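S.K.: have a look; sequence and predicted model below, questions after that.
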Amino acid sequence: EYCIHMLRNISKRLLTSTSSTVVAGVRRRLLSSSSFFRQEKYQGKTYNNNTTTTRSLFGAFVIGGSILTYHKFIHETASAETNTQQNVDTKQLPQEFVAELTKLLGDRFLITQGERTAHGKDNSYHTAPPPDAVVYPQSTDEIVSIVKACNKYKVPLIAYGGGTSLEGHTIAPDGGVTIDFRNMNALLTLHEDDMDVVVQPGMLYEDLNEILREKGLFFPMDPGPGAAIGGMVGTSCSGTNAVKHGTMKEMVLSLKVVLPNGQVVKTRSRAKKSSAGYDLTHLFVGSEGTLGVVTEVTIRIKRIPKTSAVALVTFPSMGDASTTVMRTIQEGVPIGRAELMDDVMMKAVNLSSGTSYKEEPTLLLEFVGTENEVSDQIKTVERIAQTNKSIEFKFAKEAEERATLWLARKVALWSSKVLKPEGEIWITDVCVPISRLPDIINLTKQDLAKSSLPAPLVSHAGDGNFHLFILFDPAKPEEVQEAKRINHNLVQRALDMEGTCTGEHGVGLGKSQYLPDRK
């Protein structure tokens with residue numbers, strides 16, 4: 001589903017423009033926001049990740065009846081831009097700074113318009129001028145030199161991982177230099193006996209899990225396709241597995257960080273616990289690049305469960321569904337995932353995927369453990385759901401059946417576009433104490449009923465965290481204002497309920513105004 005979404009976007013953009021800026025944007029989106037076409041490193045060896053099918057899919061695609069060879073088209077354009085790099089205006093940067101980094105990095109210091117524009121946009125609705133330059137370091141030592149140069153010449157510095165952030169974290173409102181970690185994507189050391197792994201910040205979490213899966217292991221955080229581990233540290237991300245495994249803060253053991261003055265620090269050892277000194281690790285996790293540049297990450301990993309099952313439960317109201325999750329947590333059922341989608345979201349899934357889910361509030365639950373543990377969990381949750389007026393309760397243990405039930409959640413974000421094909425998606429999130437989740441969802445649904453904009457709701461219900469996918473036309477000022485109103489009201493409701501303006505997306509540009517109001 002993600003591949004199809006990406007191909008549609010590529011086709012649309014290349015049909016409307018063949019400029020170098022668009023081409024660079026397409027290249028950037030594919031190479032950094034998906035795991036396809038990436039070379040990964042592990043124990044000194046380099047391999048191509050899962051390429052046979054995906055290279056065939058992305059390598060050539062049909063546009064207006066013509067077949068374009070993707071790699072040739074992209075690389076020829078990139079080469080042409082590289083050859084004209086010297087003609088790009090660099091007056092925003094001190095010439096001494098440009099000379100210093102050019103000497104250090106050579107052709108990995110880029111000032112072409114295409115590269116800059118591609119790094120001047122993330123997955124958010126925010127707009128800003130692009131950075132003045134993009135650099136591609138290959139080591140901690142190079143990053144030290146880059147940071148020192150930026151400090152010396154007072155040039156803003158932005159760390160860039162997968163480019164998938166949702167609140168404008170990686171765009172450049174003040175210009176400066178973007179550090180792209182594409183070349184620092186290695187798995188450095190796997191400590192299987194200690195259940196931890198050391199990686200570089202540019203590694204995508206999907207690629208890490210491809211390696212770990214062969215050993216029966218996995219890294220639980222799953223914020224969305226294309227996310228790099230450095231960015232996941234910066235935003236303290238989580239995802240669907242957080243109800244069982246916690247957030248990124250619980251998964252990070254240690255960090256290597258380059259401070260603004262160029263000093264390199266390691267925040268702690270690999271020991272599972274330590275009471276020695278300040279807890280520097282958790283100071284950096286969630287700091288969004290404001291305190292330093294992360295160059296190595298030591299994270300916990302988990303054993304893949306022996307047995308898992310998925311249940312799909314429908315309810316007459318969002319309140320009944322969210323109360324079911326709350327009661328399940330209170331009874332101590334160790335569920336693996338608990339995802340809640342409203343009727344609008346289920347309608348979008350059916351329209352875009354040709355499925356026939358009930359267009360009612362729908363709860364998707366994953367149970368993990370031994371076979372007996374999973375069976376006991378299902379029985380308990382089914383009983384709780386029945387007391388909360390559940391309409392239908394389906395569950396599946398076989399892999400294919402599980403995938404069928406879980407499909408609705410996998411395609412949720414991209415499916416929402418079908419409700420307003422010409423619109424953009426403003427993705428926002430908040431988080432409240434789990435006891436207040438039914439209240440805030442009910443109030444939010446009442447607010448949305450009065451709005452002219454569709455806004456499907458998806459919740460990581462086991463954490464009290466939920467998202468709105470607000471669809472609006474950025475070319476229509478009245479729709480932009482309405483989207484802002486919905487987002488603002490949502491955040492204020494969360495703050496009033498002792499919650500937070502963001503549960504997992506991070507602050508970035510979009511939520512910074514609400515930090516002084518945190519309770």
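M.R.: Sure, I can see it. Numbering: from 1, shown residues only.

S.K.: C-alpha from now on. contacts and neighbour counts both.
M.R.: Will do.

S.K.: what's the neighbour count on Ala99?
M.R.: 12 (other C-alpha atoms under 10 Å).

S.K.: how far away is it from Cys150?
M.R.: 13 Å (C-alpha to C-alpha, to the nearest Å).

S.K.: for Ser269, same thing?
M.R.: In terms of C-alpha to C-alpha, Ser269 sits 29 Å off from Cys150.

S.K.: more neighbours: the two, which one.
M.R.: More crowded of Ser269 and Cys150, by other C-alpha under 10 Å: Cys150, with 20 against 12.

S.K.: buried residues, whichever strand or helix holds the more buried one. List them.
M.R.: Taking DSSP states H and E as the definition, one finds Cys150 inside helix 140-153. Residues Thr140, Ile143, Val144, Ser145, Ile146, Val147, Lys148, Ala149, Cys150 are the ones in helix 140-153 that count as buried (16 or more other C-alpha atoms under 10 Å).

S.K.: how much space between Pro201 and Val297?
M.R.: From Pro201 to Val297 the distance is 7 Å (C-alpha to C-alpha).

S.K.: neighbour count winner among these two?
M.R.: Neighbours per residue (other C-alpha under 10 Å) separate Pro201 from Val297, with Pro201 holding more: 30 against 22.

S.K.: per-residue pLDDT, Tyr47?
M.R.: pLDDT for Tyr47: 38.

S.K.: which residues of the stretch 101-250 of the chain score low on pLDDT?
M.R.: Filtered on pLDDT under 70, the stretch 101-250 of the chain yields no residues whatsoever.

S.K.: now the lengthiest helix in the chain: mean pLDDT?
M.R.: Scanning the chain for the helix with the most residues, using DSSP state H, yields helix 477-496. Mean pLDDT, helix 477-496: 96.

S.K.: what does that helix rub up against?
M.R.: Contact partners of helix 477-496, identified using C-alpha atoms under 8 Å, 6 or more residues apart in numbering, comprise 426, 428, 430-432, 440, 444, 447-448, 451, 453, 470-474, 500-501, 517-519.

S.K.: same deal with stretch 426-437?
M.R.: With C-alpha under 8 Å, 6+ apart as the test, stretch 426-437 has contacts from 124-125, 166, 322, 326, 461-472, 483, 487, 490-491, 494, 497-505.

S.K.: can we see that at 7 Å?
M.R.: Applying C-alpha atoms under 7 Å, 6 or more residues apart in numbering, the contact partners of stretch 426-437 are 124-125, 166, 322, 326, 463-471, 487, 491, 494, 497-503, 505.

S.K.: filter those residues to the buried ones?
M.R.: Using 16+ other C-alpha under 10 Å as the burial test, the contacts of stretch 426-437 include 124, 166, 322, 326, 463-471, 487, 491, 494, 497, 499-503, 505 as buried.

S.K.: quick one: the helices in the stretch 201-350 of the chain?
M.R.: For the stretch 201-350 of the chain, the helices defined by DSSP state H, counting those that start in this stretch occupy 205-213, 229-235, 242-245, 248-251, 280-284, 318-330, 343-353.

S.K.: tell me the average confidence for the helix or strand hosting Val430?
M.R.: Secondary structure from DSSP H and E places Val430 in strand 424-431. Confidence for strand 424-431, expressed as mean pLDDT, is 94.

S.K.: can you redo the helices of the stretch 201-350 of the chain as CSV with distance to Arg303?
M.R.: Listed next are the helices of the stretch 201-350 of the chain as CSV, based on distance: least, C-alpha to C-alpha, whole Å:
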stretch, distance to Arg303
helix 205-213, 9
helix 229-235, 19
helix 242-245, 12
helix 248-251, 14
helix 280-284, 24
helix 318-330, 22
helix 343-353, 32
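
S.K.: out of these, deepest packed?
M.R.: helix 229-235 (a mean of 27; mean count of other C-alpha atoms under 10 Å).

S.K.: could you export it as PDB, CA atoms only?
M.R.: Output of helix 229-235 as PDB, limited to C-alpha atoms (Å, rounded to 0.1, in the frame of the first residue of the first chain):
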ATOM      1  CA  ILE A 229      16.600   6.000  14.200                       C
ATOM      2  CA  GLY A 230      18.400   9.300  14.800                       C
ATOM      3  CA  GLY A 231      15.100  11.200  14.200                       C
ATOM      4  CA  MET A 232      13.300   8.700  16.400                       C
ATOM      5  CA  VAL A 233      15.600   9.600  19.200                       C
ATOM      6  CA  GLY A 234      15.100  13.300  18.500                       C
ATOM      7  CA  THR A 235      11.300  13.100  18.800                       C
END
